[in-house]
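Asks: got a predicted structure plus its sequence, pasted below:
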Amino acid sequence: MRRALLFAAIACVLVYSAMGTSLAAEKVTLNVWSSPDNADALHDLATQYTKQNPDVKIQVTPLSWEFLYPKILQDVATGTGAFDVTTWDVMTAGAVAKGMVDLQEFRKAHPEAADPDYDWNDYDKMIWKTWGVWNGVNIGLPFYPASMLFFYRKDYFEDPKIKVKFKAKYGRELTIPKTWEETIQIAEFFTRKYNSDSPTEYGIALMFPRTHTLFYMYPIFFAPYRRSAEGISKFGEVNPDYGDYFTHDGKPAFNTREGVKAINIMKKLMSYAPDPLGSDYGETLEYFSNGTVAMVPQWFGVWASFVASEKLKPIEKTVGVANMPGGHPVSGGWALGLNKASNHKIEAFKFMQFATNKNNDKYKFLKYGLTPARISTTKDPKVQNADARMDVFAEALAKASHRPRIPEEPKLEDVAVNVLSGILMGSIDPEEGLNRIAKEWIKILED
């Protein structure tokens, strides 16, 4: 009898053990690739989601741009399915589109995966088209639509003694620069080498490294010429998919006197910046945070870093936010895409909706400073009063310049960055260099 009971107990243990193993095996793991600026928010949202859905595990992997973009392109080309969900940059839409699921068709085919409370109409049309659609296909959900903004030391610009000295030297009032020519003058004034009384060592922080950063910095200097009345007459209206680098009919627009003016403005500003050719996102963020510079063009999401800076407290008195000089900051930011090669599309789509629903769109802004994507969030009084950026964000995004989003973008970027860097270093003549880029781009587009 005892032996029979013992065997029965062992059998039960084995059965329950097998059931546990089976249940564990059924748990779905989603691999989510993320740019670093989205990673904290996505990890937080993933943690919340898995608590509500214990049958799903989510691994969020932060990858710098230099690694993330090539890895996405590699997976798109091979169909490996190394990720289920990824953040994709607005300018990469055409290049990554063939590897992303058509989400509109997917939710029609899988109504059980669609969140009935998602509210697909709660997106601004421009945001939806730019961060959600390529060539008429819904390849992503807007997560962090952004543009660059212009941050400046409000306390310096409003200091009566500084204003008097500026007017005495330049014969005009010290105001937030509306043009890049004005910015050059102000940057000189706040550079101690040219003004021993300057409260900062340099006037402006610039990021002109030989990376993709240089590719998105050039349009903020070129777009004011490209989008002027004369520029529109000469080049036509801007095609958002080709961006400000191109004419309306897809030809290079920058190998012109307007393009030369833009690169020369960049060269002039370099005299008033700390290591502009060696600085990128992180370095310029630090220069402004520690009081080294008086001005910096930066992305929307840097606010949390400025708030944390001891040297910028109280931030409401020390930091001002304006639209970019010239009026046309560059667009950027990220959408969430679902990999066609994913083995867990339904689970992945459910998480994507959770991460971008109304509540979490507001949550990620208030906690992590990531730009709202939804209309309901931007109209929320708590969001409107959260920080100074919201006063200028709508204008900046509406007037933002664009990089090309066409499939050939990676090749165009490689060519442009190398030559633009050479121009800024002084080893390549501006006119000759811009003509070289245009010639190589035409060849790429014709192949």
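Replies: Cool, the structure landed.
Asks: can you tell me the centre-most residue of the chain?
Replies: Nearest to the mean C-alpha position of the chain, by C-alpha atoms, centre = their mean, lies residue 333 at 2.8 Å.
Asks: bridging residues for that one?
Replies: residue 145 (DSSP bridges).
Asks: residues contacting it?
Replies: For residue 333, the contact set (C-beta atoms under 8 Å, 6 or more residues apart in numbering) comprises 89, 90, 131, 142, 143, 144, 145, 146, 147, 300, 371. Using the backbone N, CA and C atoms, a C-beta is placed for each residue, glycine as well.
Asks: the fourth one is in what secondary structure piece?
Replies: Counting by DSSP states H and E, the secondary-structure element that holds residue 142 is strand 141-153.
Asks: okay, that strand in CSV with CA atoms only?
Replies: This file holds the C-alpha atoms of strand 141-153, laid out as CSV (Å, rounded to 0.1, in the frame of the first residue of the first chain):
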residue,chain,number,x,y,z
LEU,A,141,2.7,53.8,-34.5
PRO,A,142,4.0,57.3,-33.6
PHE,A,143,5.9,57.0,-30.3
TYR,A,144,8.2,60.1,-30.1
PRO,A,145,7.6,62.6,-32.9
ALA,A,146,10.1,65.5,-32.4
SER,A,147,11.8,68.4,-33.9
MET,A,148,14.9,70.3,-32.7
LEU,A,149,14.4,73.4,-30.6
PHE,A,150,16.7,76.3,-29.7
PHE,A,151,17.7,76.5,-26.0
TYR,A,152,19.3,79.6,-24.6
ARG,A,153,20.3,81.1,-21.3
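Asks: what comes into contact with the helix or strand following that strand?
Replies: Of the helices and strands lying after strand 141-153 in sequence (DSSP H and E), the nearest is helix 154-157. Residues from elsewhere that reach helix 154-157 (C-beta under 8 Å, 6+ apart): 162-163, 174-176, 190, 199-200, 294, 317-320.
Asks: buried ones from those, can you make that a ChimeraX selection?
Replies: Command for ChimeraX, covering only those of these found buried under the criterion 16 or more other C-beta atoms under 10 Å:
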select :162,174,176,190,200,294,318,319,320
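Asks: can you add secondary structure and distance to residue 414 and give the contacts of helix 154-157 back as TSV?
Replies: Shown next, in TSV, are the contacts of helix 154-157 (DSSP: H, G, I helix; E, B strand; the rest coil; distance: C-beta to C-beta, whole Å):
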residue	secondary structure	distance to residue 414
162	helix	43
163	helix	45
174	coil	41
175	coil	39
176	coil	36
190	coil	35
199	coil	40
200	coil	35
294	strand	34
317	helix	44
318	helix	39
319	strand	35
320	strand	36
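Asks: which of the contacts of helix 154-157 lies closest to residue 349?
Replies: For those, the residue nearest residue 349 by C-beta to C-beta is residue 319; the value is 39.2 Å.
Asks: what's across from the closest one in the sheet?
Replies: residue 153.
Asks: wait, doesn't residue 279 sit right on residue 213?
Replies: No: using C-beta atoms under 8 Å, residue 279 makes no contact with residue 213, being 9.0 Å away.
Asks: for the contacts of helix 154-157, which one is nearest residue 264?
Replies: Nearest to residue 264 among these, with distances taken as C-beta to C-beta, is residue 190, at 21.0 Å.
Asks: run a quick neighbour tally on residue 95.
Replies: 24 (other C-beta atoms under 10 Å).
Asks: so what's the residue count around residue 251?
Replies: Each residue near residue 251 was counted by other C-beta under 10 Å, and the total is 15.
Asks: and what of residue 121?
Replies: Around residue 121 sit 8 other residues, with neighbours defined as other C-beta under 10 Å.
Asks: please report how far it lies from residue 176.
Replies: Residue 121 is 36 Å from residue 176, where distance means C-beta to C-beta, to the nearest Å.
Asks: same check, this time on residue 304
Replies: 23 Å.
Asks: so which residues of the stretch 51-200 of the chain form strands?
Replies: Assigned by DSSP state E, counting those that start in this stretch, the strands in the stretch 51-200 of the chain fall at 56-62, 85-89, 133-134, 137-138, 141-153.
Asks: as TSV, those with distance to residue 445, mean pLDDT and mean neighbour count would be great.
Replies: Output for the strands of the stretch 51-200 of the chain, formatted as TSV (distance: least, C-beta to C-beta, whole Å; pLDDT from 0 to 100; neighbours: other C-beta atoms under 10 Å):
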stretch	distance to residue 445	mean pLDDT	mean neighbour count
strand 56-62	33	98	18
strand 85-89	21	97	26
strand 133-134	17	96	21
strand 137-138	21	98	18
strand 141-153	26	95	25
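Asks: among the ones you listed, which comes closest to residue 241?
Replies: strand 133-134 (8.1 Å).
Asks: pairing partners for that closest one, with directions?
Replies: Partners of strand 133-134 in the sheet, by DSSP bridges, are strand 137-138 (antiparallel).
Asks: contacts for the strand it pairs with?
Replies: So strand 137-138 is in contact with 97, 102, 103, 104, 132, going by C-beta under 8 Å, 6+ apart.
Asks: who wins for neighbours among the residues you listed?
Replies: residue 132 leads those on contacts (other C-beta under 10 Å) with 25 neighbours.
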